[in-house]
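sequence and computational prediction follow.
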Amino acid sequence: MSSFRPVSVLVLVLVVVVAACSGGGATASPPSTTAPSAVATAEPSVAPTALTVGLGFIPSVQFAPFYLAEQAGYYDEAGLDVTFRHGTDYDVIALVGQGELDLGLADGTSVIPATSQGLPVKYVATIYGLFPSIVFAKTSSGIAAPADLAGKKIGIPGRFGSSWIMLQALLGSAGLTPDDVVIDEYPTFGQGLALQQGAVDAATGFVNNEPVQLELTGEPATVLHVDDVVPLPGNGLIVGSATLETKRDALTAFVAATLRAMEEITADPSVGLDAAIAAVPDLGTARDTAAAVLDATIDVWSGPVQDANGLGAIAPDDWEQSIEYLTTLGLVPNPVTVDDMLDTGLLPAGD
């Protein structure tokens with residue numbers, strides 16, 4: 001969602017990602033002002049642990065859990081001083097690996113090649129249990145399955161990232177290759193608008209973005225998912241290997257606070273919507289649209305693994321299959337294993 005990438009110009013303000021948390025510390029309390037004979041002194045205050053979190057893209061309703069956890073004081077209660085920072089998916093991965101960010105939100109299909117190239121990052125919690133990158137079309141187009149894409153014109157940002165990986169997997173499941181379709185590239189991510197206007201027959205996008213926007217115009221959408229073809233890992237939280245050693249307790253607390261917010265929003269989406277509007281007031285001007293995007297986002301948080309083990313859960317076996325598939329595409333230049341890129345120890349017990 002590449003793992004989450006900027007979406008069509010039409011919906012950019014509504015559907016992109018936030019940025020990160022603030023660092024800081026407290027100093028010891030001032031000495032007592034009682035008479036010189038008094039010996040009692042104030043206990044030093046406990047400094048919160050600073051965490052800087054990189055969330056790709058601009059603030060959006062999609063990132064309501066982070067807003068809620070901050071506004072409700074869950075991070076504060078955990079002894080954390082969180083700062084959000086913005087950046088593209090690839091920037092986030094690089095900065096986390098370099099230790100300039102403590103955590104980041106990144107797409108698993110980008111983490112695998114990065115780890116293969118020696119970047120020291122670990123994927124520690126799943127945020128999107130279902131792979132969000134999809135192909136969609138107007139239902140009136142007659143496209144209902146991957147085989148129906150043969151000979152069709154497909155809009156895509158470019159031959160890179162999670163959307164390109166997903167498209168190849170979908171086509172391959174029907175015995176097709178990119179040579180069997182017409183690829184129209186939209187480097188400015190306008191493929192969703194192009195589909196609305198009839199310039200392409202289908203387009204890549206994110207299940208909680210472009211198809212939602214299309215249906216809000218009154219046009220029913222058909223969505224093709226890759227999950228039944230290969231279990232590609234969606235966006236999740238990543239941490240640098242060095243940071244895991246120095247801030248493990250704080251990172252565990254951050255994951256728990258974020259998952260707590262996700263659970264509350266799943267139970268009552270309105271609390272997430274209110275938190276998102278408080279963080280991004282412009283969302284309030286199109287509350288119904290923001291609510292629809294949030295509902296679609298909540299649906300993606302939990303796949304079969306999360307349904308069985310709780311939000312945030314990671315499926316190592318699925319990652320193994322993903323590594324094998326990306327290797328066939330030439331995206332894993334050096335051999336890597338699941339242990340090289342996963343650390344499930346930050347999740348609640350049992351996940």
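Right, received. Where do you want to start?

could you list the buried residues of stretch 249-267?
250-262, 264-265 (16 or more other C-beta atoms under 10 Å). Yep, even glycine has a C-beta here, placed from its N, CA and C like the rest.

same deal with stretch 300-320?
Neighbour-count burial for stretch 300-320 [16+ other C-beta under 10 Å]: 300-303, 305-306, 309-315, 318-319.

out of the buried residues of stretch 249-267, who's nearest residue 83?
residue 254 (11.8 Å; C-beta to C-beta).

what about that closest one, helix or strand, and which?
Residue 254 is located in helix 248-267, with elements delineated by DSSP states H and E.

how much distance is there from that helix to the middle of the chain?
Centre-to-centre, helix 248-267 and its host chain are 14 Å apart (C-alpha atoms, centre = their mean, to the nearest Å).

which elements pack onto it?
strand 49-56, helix 64-71, helix 74-77, strand 80-87, strand 121-126, strand 235-240, helix 269-279, helix 287-301 (3 or more C-beta pairs under 8 Å, 6 or more residues apart in numbering; DSSP states H and E).

tell me which of these lies nearest to residue 227.
Per C-beta to C-beta, nearest to residue 227 of these: helix 287-301, 10.5 Å.

for this protein, what are the low-confidence residue spans?
Residue ranges of the chain with pLDDT under 70: 1-45, 87-90, 350-351.

okay, now the domains of this structure?
Domain assignment for the chain by automatic domain parsing gives 9-25+46-130+233-346, 133-224.

what about the helices in the protein?
64-71, 74-77, 89-98, 108-116, 161-173, 191-196, 210-216, 241-246, 248-267, 269-279, 287-301, 304-309, 316-328, 338-341 (DSSP state H).

how about JSON lines for those, with distance to residue 182 added?
JSON lines is the format used below for the helices of the chain (distance: least, C-beta to C-beta, whole Å):
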{"stretch": "helix 64-71", "distance to residue 182": "37"}
{"stretch": "helix 74-77", "distance to residue 182": "48"}
{"stretch": "helix 89-98", "distance to residue 182": "27"}
{"stretch": "helix 108-116", "distance to residue 182": "24"}
{"stretch": "helix 161-173", "distance to residue 182": "12"}
{"stretch": "helix 191-196", "distance to residue 182": "13"}
{"stretch": "helix 210-216", "distance to residue 182": "19"}
{"stretch": "helix 241-246", "distance to residue 182": "43"}
{"stretch": "helix 248-267", "distance to residue 182": "39"}
{"stretch": "helix 269-279", "distance to residue 182": "38"}
{"stretch": "helix 287-301", "distance to residue 182": "28"}
{"stretch": "helix 304-309", "distance to residue 182": "34"}
{"stretch": "helix 316-328", "distance to residue 182": "24"}
{"stretch": "helix 338-341", "distance to residue 182": "35"}
